[in-house]
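> After the sequence you'll find the predicted model.
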Amino acid sequence: MTPRSSTSASSSARSGSNGRSAVNVHEYQAKELFRAYGVAVPHGRLATTPAEAEAAARELGAPVVVVKAQVHAGGRGKAGGVKLARSAAEAKQAASEILGMTLVSHQTGPEGKLVRKVYVEAGCDIARELYLALLLDRAEEKLAIIASTEGGMEIEEVAARTPEKILTLHLDPNGGLHAFHARRVAAALGLGGDAVERLERFLAGLHRLYVERDASLVEINPLVVTKQGELLALDGKLNFDDNALYRQPEIRELRDPEEEDPRERAAKEIDLAYVGLDGDIGCMVNGAGLAMATLDMIQVCGGRPANFLDAGGGADKEKVKEAFKLILRDEKVRGILVNIFGGIVRCDLIAEGVVAAAQELAVRVPLVVRLQGTNAAEGREILARSGLDITPADTLREAGERIVAAVRREAR
Amino acid sequence: MAILCDRSTKLIVQGLGRMGQFHARLSRDYGTQVVGGVHPGKGGQAIDGLPVFETVAEAVAATGADASVIFVPPPGAADAILEAADAGIRLAVCITEGIPVLDMARARAELRGSRMRLVGPNCPGVVTPAQCRIGIMPAQITRPGPVGVVSRSGTLTYEAVDQLSRLGIGQSTCLGIGGDPVIGTTFVDALALFEADPETRAVVLIGEIGGSAEETAAAFVKAKMTKPVVAFIAGQNAPPGKRMGHAGAIIAGGKGRAADKIAALEAAGVPVARSPAEIGETLAKHAAATGTALNGGSR
């Protein structure tokens, strides 16, 4: 299963805005959308202070409420980000413990995530926990419903251990969801009687949400059957296709910049594809494949890359400068490798950008530049004439070896 | 011969914006028969000497075009692909990046049973050296010869082609299949075409993290290919859960890792270059080991 799909909200062909993660939303936002599409969820309220959490618990009026940290990461329960409360006062106490904490789970990385909001939700009497998801199956090029009786566990784990407990149904992307799909899912989940009809409504809502909102993943884990026989989406994850954001203004608004890596957010604003890594060699490359290969090259040469950066097909002088600024924001950077294979991109323009950036930003770390393809000779000439301390490289191998050697020299 | 396109290919350009016009000119300069353009609202004009039509059907009727390159922006790109198929185009190459994945899944479902082959989207195009250039590749780095190149990437394709050309190894056809999750022509499709092409004697496959296309390709090589294949997989050290530029380049739920792809390819007898600087050398060595002659393939 690859529960994720597309990226990039560029408005014209190959405008270069090509690297970013799919839009994630918070649990409370996902649940609002579920509710809007007729998918049953427990009652809940958002709170940003302990007092708000107390008021929320009182309004919900349930014997038990659950106070949940709202961060873009799984594993919140084990990390202490989910607490039960049996009164409004307890909810206030729980919220005061969770708000402001740095939540560290297997999905947040060691630096963790600061909790700024909690969701206060009415507890329910759980009879069974199931799993239900809708996603795009890349290999089949179809939507897939994934259902399992093993709710509350990570589906990858279930797939590895007990694949027979997972039902996968493919839907024609031009067709709809049919009644038999719901009957098959109900049978696989061991649901009978009235529950079949409830499941049918539930699935129809999820499918409509997925298609109308350009989702790339709708995952309900667990899907709960209550002791009263109701079906409820107890925890939900929703991802959206970045490429479709141009026609989903409301989804675009749901984005939470606080949850994104500040460097990646800055990159997005200037339309560059950037992923922060933990090494010390900054990279600027044109094209995603060559950018990945450049990271591989650095590793093969014994170095460690500080970032992935695809400057895109439209890279020019201004963009190169912005890219340099972004790379240099990372204090770990001890050297920079520029690797450009000019197809659409002209190497002479890149060279002008590198020279301007090196001068204006007073770059002090070693700089290795490899220019190949369109106008490469002119580009190399510009670098040589600049009088700056720029090490040229002809091939990919040379580029990797020279930057790794330069960074090592500096470290001594 | 080569695959997909040659000097007899008649190409039209859908979407004559700045990029469409620029690359139409480069393709024509390379010797490609660029016979017209399609741009709703500009029908009847001539841009850069190219007759422009309102619809693909009119362009095909007037010019006898059998191939189309699509530069239409994302909101209209899937429609442009389906229009090309409807008008009887044989090969459509979609360069557009950023098409919503649901649009592509729907278009692919509609194209089932169609006689049109789609390459892309989000791809650099196809070049048959010294004959035909469709898309945005810098064709001057290619040279005619016996090696087929197929890749999910753009600039990394240029890198691989450049390495081959510098070693004096020419190419039959170079093809970028695109970095999106849903694409028209897969590795397996391209491998089958190269296997059937008498002028192709060996194949270089450039994959990357995400999805399972390389694993599927490995199974195909093992079962069906008689010609030697070598590979490189980009993103050997990419962190899981991060999208590396391409929409499809993400390791998700433990799937799509480079290590698994490399293992699958090697188990299928495909040598995989560990260093991106050794793609050309890996091919040369494997050709020597398998007694495959790589010279004298040019036309």
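Thanks, I have the structure now.
> Give the residue spans of the chain that score low on pLDDT.
Went with chain A since none was named. Applying pLDDT under 70 to chain A flags residues A:1-22, A:313.
> looking at chain B here, not the other one
Applying pLDDT under 70 to chain B picks out residues B:1, B:246-248, B:251-254, B:296-299.
> care to break it down by domain?
Domain assignment for chain B, taken from automatic domain parsing, gives B:1-122, B:142-293.
> now the helices for the chain?
Assuming you mean chain A. Listed in chain order, the helices of chain A (DSSP state H) span residues A:27-36, A:50-60, A:88-98, A:155-161, A:179-189, A:194-212, A:249-254, A:262-269, A:288-300, A:317-329, A:347-360, A:376-385, A:396-411.
> Can you look at chain B instead?
When assigned using DSSP H, the helices of chain B occupy the ranges B:18-29, B:56-63, B:74-86, B:101-111, B:155-166, B:187-196, B:213-224, B:258-267, B:279-289.
> would you list these in CSV and tack on distance to chain A?
The C-beta positions use only the backbone N, C-alpha and C, and glycine is treated the same way. Conversion of the helices of chain B to CSV gives the following (distance: least, C-beta to the nearest C-beta, whole Å):
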stretch, distance to chain A
helix B:18-29, 6
helix B:56-63, 17
helix B:74-86, 6
helix B:101-111, 4
helix B:155-166, 3
helix B:187-196, 11
helix B:213-224, 7
helix B:258-267, 8
helix B:279-289, 9
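> right, so those helices: which one is the most enclosed?
Using mean count of other C-beta atoms under 10 Å in any protein chain shown, the stretch among these with the greatest mean number of neighbours is helix B:155-166 (a mean of 26).
> Please name the residues that touch whichever residue of the stretch 301-412 of chain A sits closest to chain B.
Here the residue of the stretch 301-412 of chain A nearest chain B is residue A:397; by C-beta to the nearest C-beta that distance is 3.6 Å. Remark: with contacts taken as C-beta atoms under 8 Å, 6 or more residues apart in numbering or on different chains, residue A:397 is in contact with A:297, B:275, B:277.
> ok, it to residue A:293 distance?
As defined by C-beta to C-beta, to the nearest Å, residue A:397 lies at a distance of 11 Å from residue A:293.
> again, but for residue A:153
When residue A:153 is compared with residue A:293 (using C-beta to C-beta), they lie 37 Å apart.
> Ok, residue A:309 next?
As for residue A:309, its distance to residue A:293 is 13 Å (criterion: C-beta to C-beta).
> returning to that earlier point: residue A:153 and residue A:293: who's more crowded?
residue A:293 (32 against 16; other C-beta atoms under 10 Å in any protein chain shown).
> check contacts around the more buried one.
A:396, B:153, B:156, B:159, B:232, B:234, B:276.
> That one - nearest residue in space that isn't next to it in sequence?
residue B:276 (3.8 Å; C-beta to C-beta, 6 or more residues apart in numbering or on different chains).
> who's in contact with the one you found?
For residue B:276, the set of contacting residues under the criterion of C-beta under 8 Å, 6+ apart consists of A:293-294, A:296-297, A:300, A:396, B:156, B:159, B:232, B:234.
> change it to 10 Å
Applying C-beta atoms under 10 Å, 6 or more residues apart in numbering or on different chains to residue B:276 gives the contacts A:289-290, A:292-297, A:300, A:396-397, A:400, B:156, B:159-160, B:163, B:206, B:232-234, B:236.
> Show me which of the residues you listed are buried.
Buried subset of the contacts of residue B:276 (neighbour count, 16 or more other C-beta atoms under 10 Å in any protein chain shown): A:289-290, A:292-297, A:300, A:396-397, A:400, B:156, B:159-160, B:163, B:206, B:232-234, B:236.
> Let me know the outermost residue of chain B.
Largest separation from the mean C-alpha position in chain B: residue B:44, at 31.2 Å (C-alpha atoms, centre = their mean).
> Isn't that one up against residue B:38?
No. The pair formed by residue B:44 and residue B:38 falls short of the contact definition of C-beta atoms under 10 Å, at 12.0 Å.
> Identify the contacts common to the two.
When contacts are counted by C-beta under 10 Å, 6+ apart, the set common to residue B:44 and residue B:38 consists of B:52-54.
> still on that earlier bit, wait, which of the contacts of residue A:293 is closest to residue A:26?
Ranking the contacts of residue A:293 by separation from residue A:26, with C-beta to C-beta as the measure, puts residue B:234 on top at 33.0 Å.
> Show me what the closest one is bridged to.
Beta bridges link residue B:234 to residue B:208, judged by DSSP bridges.
> quick one, what contacts it?
A:288-296, B:151-153, B:156, B:159, B:206-209, B:244-246, B:249, B:258, B:276.
> ok, back up a step: residues shared between the contacts of residue A:309 and residue A:293?
Taking C-beta under 10 Å, 6+ apart as the criterion, residue A:309 and residue A:293 both touch residue A:285.
> hang on, the earlier thing: the shared contacts of residue B:44 and residue B:38, buried ones only, as a PyMOL selection?
Taking 16+ other C-beta under 10 Å as the burial criterion, the selection of buried members of those in PyMOL is written as:
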select buried, chain B and resi 52+53
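> okay if I get the shared contacts of residue B:44 and residue B:38 as JSON lines plus distance to chain A?
Converted to JSON lines, the shared contacts of residue B:44 and residue B:38 look like this (distance: C-beta to the nearest C-beta, whole Å):
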{"residue": "B:52", "distance to chain A": "17"}
{"residue": "B:53", "distance to chain A": "19"}
{"residue": "B:54", "distance to chain A": "20"}
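> ok, back up a step: go through the helices of chain A and pick out the most buried.
Of all the helices of chain A, helix A:288-300 carries the top mean neighbour count, a mean of 28, counting by mean count of other C-beta under 10 Å.
> and it, how far from the chain's centre?
Computed by C-alpha atoms, centre = their mean, to the nearest Å, the chain-centroid distance of helix A:288-300 equals 21 Å.
> for stretch A:231-246, same thing?
Averaging C-alpha positions (C-alpha atoms, centre = their mean) puts stretch A:231-246 12 Å from its chain's average.
> end-to-end on it?
Stretch A:231-246 has its terminal residues 34 Å apart, counting by C-alpha to C-alpha, to the nearest Å.
> what sits against the nearest residue in space to residue A:316 that is not next to it in sequence?
Leaving aside its chain neighbours, residue A:316 sits nearest to residue A:349 (5.2 Å; criterion: C-beta to C-beta, 6+ apart). With C-beta under 10 Å, 6+ apart as the criterion, the residues that contact residue A:349 are A:315-320, A:340, A:342, A:374-375, A:378-379, A:382.
> Next: residue A:220.
With contacts defined as C-beta under 10 Å, 6+ apart, the neighbours of residue A:220 are A:30, A:34, A:39, A:41, A:130-134, A:147, A:151, A:202, A:206, A:231-238.
> what about it, distance to residue A:202?
Relative to residue A:202, residue A:220 is positioned 9 Å away (C-beta to C-beta).
> Does residue A:69 touch residue A:103 like I think?
Yes. Distance between residue A:69 and residue A:103: 5.5 Å, which falls inside the contact criterion (C-beta under 10 Å).
> more neighbours, these two?
Set side by side, residue A:69 and residue A:103 show more neighbours around residue A:69, with 27 against 20, by other C-beta under 10 Å.
> Distance of the closest residue to that one other than its chain neighbours relative to residue A:116?
When the adjacent residues along the chain are set aside, residue A:69 lies closest to residue A:81, with 3.3 Å between them (C-beta to C-beta, 6+ apart). As for residue A:81, its distance to residue A:116 is 12 Å (criterion: C-beta to C-beta).
> Show me the common contact partners of the two, please.
Shared between the contact lists of residue A:81 and residue A:116 (criterion: C-beta under 10 Å, 6+ apart) are residues A:69-71.
> Neighbours of the spatially closest residue to residue A:252 that is not a sequence neighbour, how many?
If the residues on either side of it in the chain are set aside, residue A:252 comes closest to residue A:245, at 5.0 Å by C-beta to C-beta, 6+ apart. Counted with other C-beta under 10 Å, residues neighbouring residue A:245 total 19.
> which residues touch residue 67?
Looking at chain A here, since you left the chain open. Applying C-beta under 10 Å, 6+ apart as the definition, the contact partners of residue A:67 turn out to be A:47, A:50, A:53, A:56-57, A:81-85, A:90-99, A:118-121.
> meant chain B, my bad for not saying
Contacts of residue B:67 were listed using C-beta under 10 Å, 6+ apart, and they are B:4-5, B:9-12, B:32-35, B:84, B:89-93, B:116-117, B:119, B:126, B:132, B:134.
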